[in-house]
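Novice: here is a sequence together with a model predicted from it:
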Amino acid sequence: MHHKLTTLAERRQKLILKAASQRLVLAQSMMPLRQPLIVADRGLQVARYFKQHPILMLSVTTLSAGLMRRLHIARFSALLKTGWSVFQLVRSVRQSLAKD
C-alpha cells in the first residue's frame with residue numbers, strides 16, 4: 001500500500017510540473033495576441049456604451065452622415081463601412097453564443 005501511495009505522489013508531482021510548463025508555453029504563445037485582444041476589448045466596451053445610450057449612437061450616426069455628405073471623404077465612408085461590418089459581426093457572434 002505504501003508503494004502505491006509513493007507512486008501516486010511521484011506521478012502527481014510530475015503532472016504538476018508538466019502543467020506548470022504548459023502554462024508557461026501558453027503564456028508565451030499568447031503574448032503576440034495581447035495587444036489585439038486589448039484593442040478588441042476596448043471596442044467591445046465602446047459597443048456596450050453605445051448600447052446603453054442609444055440616443056448618443058443616433059447622434060453620432062447622424063453627425064457622421066452629415067460629415068460624409070458635406071465633406072465627401074472616401075476614407076470616412078470606408079471607415080464607417082468597416083465599423084458597421086464589425087458591429088454586425090459582433091452582434092451575430094453574440095447571438096450565436098446566446099443560443100448555445
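Specialist: Structure's in. What do you need?
Novice: can you get me a residue count around residue 48?
Specialist: 10 (other C-beta atoms under 10 Å). To be clear about C-beta, it is placed using only N, CA and C from the backbone, and glycine gets the same treatment.
Novice: now the element after the helix ranked longest in the chain, going C-ward?
Specialist: Looking across the chain with DSSP state H, the single longest helix is helix 2-30. Where DSSP states H and E defines the elements, the next helix or strand beyond helix 2-30 is helix 34-52.
Novice: what's that following helix in contact with?
Specialist: Applying C-beta atoms under 8 Å, 6 or more residues apart in numbering, the contact partners of helix 34-52 are 56, 57, 60, 86, 87, 90.
Novice: and if we set it to 10 Å?
Specialist: 27, 30, 33, 56-58, 60-61, 83, 86-87, 90-91, 94 (C-beta atoms under 10 Å, 6 or more residues apart in numbering).
Novice: now do the buried residues in that helix.
Specialist: Neighbour-count burial for helix 34-52, counted by 16 or more other C-beta atoms under 10 Å, picks out 47, 50.
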